[in-house]
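# This is a predicted model, with the sequence first.
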Amino acid sequence: MGTITVQAIATPGHTPGSTSFLVNESVLCTGDTLVLQNGLVHAFYRLFNMDTAVQRDSIRKLARLENIALLCTAHTGCTKNYARATKYWREETGS
């Protein structure tokens, strides 16, 4: 029987206690930390964030993760193309 590992990653911004979860080092569950629009990562809707600037820092931190096979959000679906979805956040300052 296999084992499942879950790593909690602090991703404040939406709320101070927002947390994302990395399952088996390859499935990232972000909750309300970010949204997917046309397969690309964006900050969660500003109206619902407690601190969007901090949230953007959290997204940049997540974008540096490697070997992510599946990214799952709370409201805007999933993607298997993590590299494409997070490219902007790794290369620029983030939107």
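Nice, I can see it. Please read all numbers here as calculations on a predicted model, not as lab measurements.
# Longest helix in this structure, please.
Longest among the helix segments of the chain by residue count, using DSSP state H, is helix 52-63.
# Could you give the average pLDDT over the next helix or strand after that helix?
Where DSSP states H and E defines the elements, the next helix or strand beyond helix 52-63 is strand 70-72. In this model, strand 70-72 has an average pLDDT of 98.
# Can you list the helices and strands that strand 70-72 packs against?
strand 27-29, strand 78-79, helix 82-91 (3 or more C-beta pairs under 8 Å, 6 or more residues apart in numbering; DSSP states H and E). Quick note: C-beta positions are derived from backbone N, CA and C, even for glycine.
# List the neighbouring strands of that strand plus their orientation.
Strand 70-72 has these partner strands in its sheet, going by DSSP bridges: strand 27-29 (parallel), strand 78-79 (antiparallel).
# among those, which is the most enclosed?
With neighbours defined as mean count of other C-beta atoms under 10 Å, the strands paired with strand 70-72 peak in mean count at strand 27-29, which reaches a mean of 19.
# one step back: figure out which of the helices and strands packed on strand 70-72 is closest to residue 63.
Closest to residue 63 of the helices and strands packed on strand 70-72, according to C-beta to C-beta: helix 82-91, at 3.7 Å.
# got a list of contacts for the closest one?
Residues external to helix 82-91 that are found in contact with it (C-beta atoms under 8 Å, 6 or more residues apart in numbering): 28, 36, 39-41, 59-60, 62-65, 68-71, 79, 94-95.
# Tell me the buried residues within those.
With burial judged by 16 or more other C-beta atoms under 10 Å, the buried subset of those is 28, 36, 40, 41, 59, 62, 63, 65, 68, 71, 79, 94.
# For those residues, give me JSON lines that also has distance to residue 88.
Shown next, in JSON lines, are the buried ones among the contacts of helix 82-91 (distance: C-beta to C-beta, whole Å):
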{"residue": "28", "distance to residue 88": "17"}
{"residue": "36", "distance to residue 88": "13"}
{"residue": "40", "distance to residue 88": "7"}
{"residue": "41", "distance to residue 88": "7"}
{"residue": "59", "distance to residue 88": "10"}
{"residue": "62", "distance to residue 88": "13"}
{"residue": "63", "distance to residue 88": "8"}
{"residue": "65", "distance to residue 88": "15"}
{"residue": "68", "distance to residue 88": "15"}
{"residue": "71", "distance to residue 88": "14"}
{"residue": "79", "distance to residue 88": "14"}
{"residue": "94", "distance to residue 88": "7"}
